[in-house]
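Student: Any chance you can model this:
(one chain, ligands or ions: 1)
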Amino acid sequence: MSLLLSRTNFGDVANKGNTLSRAEAETLFNEWVLNPRLQLHMKQVAYLMQNWAKEKEGLNDADQWRWEMAGLLHDADWDQWPQLHCKKIIEELEQRNVDPEIIHAIASHGPNHFGVEPETKMDKMLFTFDELSGLIHAYSLMRPGGYDGMELKGVRKRLKEKSFAANVSREEINDACNRAGITQDELINFIISKQPDAK
Ligand SMILES: [Fe+2]
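Tutor: Numbering: from 1, shown residues only. The predicted structure is shown next:
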């Protein structure tokens, strides 16, 4: 099954800055994503994107929401239409005249699967958080205190242990961090510090 998108242009530049409202995005999220584990993952990535945009990029509220929305909807079609991932959500957002940067971020969140290279900082951070937060969340589930008291060295150990969360590709994590130009340690510390529990 190929998920290659076979195109590199998404959305319409005339829609720059357009977003769904939070209520619209949440309605789409709740209708499309039924699996609670996937819901949690998408909310965690959204939370990390919003916090990174605010704290590290110094972006305003409107831009923070654009980053958050990309995170919130990046896997929206994975649950019910895995063979159409992420073509279906891209087409939905294009029809709804959403900012092309948000659509491009979703289209490039798995360059090895979709064949679209992350270009902007938003693209690169979505790819990075998607990969790394999955592994850190798996680690939190095996710790009695969850995220509480989690340390960088523990995460680094799990990263080296190939059998742990074996479905999370270490190569993709390295690739994502390199593309973002941020050290793995800084990213791990940021994710731990946010303790992205279910909200
Ligand atoms: Fe994801």
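Student: Which residue ranges of the chain form helices?
Tutor: For the chain, helices defined by DSSP state H occupy the ranges 22-32, 36-55, 61-73, 87-95, 100-107, 111-114, 121-142, 152-160, 170-180, 184-194.
Student: Show me what the second one is packed up against.
Tutor: Other helices and strands packing on helix 36-55, by 3 or more Cβ pairs under 8 Å, 6 or more residues apart in numbering; DSSP states H and E, are helix 61-73, helix 121-142, helix 184-194. Every C-beta, even on glycine, is put in place using the N, C-alpha and C of the backbone.
Student: Run the contact check for the second one versus the ion.
Tutor: Yes. Against the ion, helix 121-142 shows contacts by Cβ under 5 Å from the ion at D130.
Student: for that helix, which positions count as buried?
Tutor: 121-137, 139-140 (16 or more other Cβ atoms under 10 Å).
Student: Spit out the contact partners of A180.
Tutor: Applying Cβ atoms under 8 Å, 6 or more residues apart in numbering to A180 gives the contacts K121, K124, M125, F127, T128, L187.
Student: May I see the helices and strands packed on helix 36-55 organised as a markdown table, with mean pLDDT added?
Tutor: Listed next are the helices and strands packed on helix 36-55 as a markdown table, based on pLDDT from 0 to 100:
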| stretch | mean pLDDT |
| --- | --- |
| helix 61-73 | 98 |
| helix 121-142 | 95 |
| helix 184-194 | 95 |
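Student: of all these, which lies closest to N167?
Tutor: Smallest distance to N167 across those (Cβ to Cβ): 8.6 Å, for helix 121-142.
Student: got a list of what the residue of the chain most remote from its centre touches?
Tutor: Computed with Cα atoms, centre = their mean, the residue of the chain farthest from its C-alpha average is P144, at 25.8 Å. Shown in contact with P144 (Cβ under 8 Å, 6+ apart): no residues.
Student: Deepest-packed of the helices of the chain, please.
Tutor: Of all those, helix 100-107 has the most neighbours on average by mean count of other Cβ atoms under 10 Å, namely a mean of 26.
Student: Now do it against helix 121-142, angle only.
Tutor: 40 degrees (axes from the mean of the first three to the mean of the last three Cα atoms, to 10 degrees).
Student: which phi and psi does the residue farthest from the centre of the chain have?
Tutor: phi -60, psi -40 (degrees, to the nearest 10).
Student: Quick check: it vs the ion, distance?
Tutor: 26 Å (Cβ to the ion, to the nearest Å).
Student: Check A62 too.
Tutor: 24 Å.
Student: Same question for A53.
Tutor: To the ion, A53 is 17 Å away according to Cβ to the ion.
Student: correct me, but Y147 touches I191?
Tutor: No. Using Cβ atoms under 8 Å as the test, Y147 is too far from I191 to be in contact (9.0 Å).
Student: Which residues of the protein lie near the ion?
Tutor: Within the chain, the positions near the ion by Cβ under 5 Å from the ion are D75, D130.
Student: any weak-confidence spans in the chain?
Tutor: 196-199 (pLDDT under 70).
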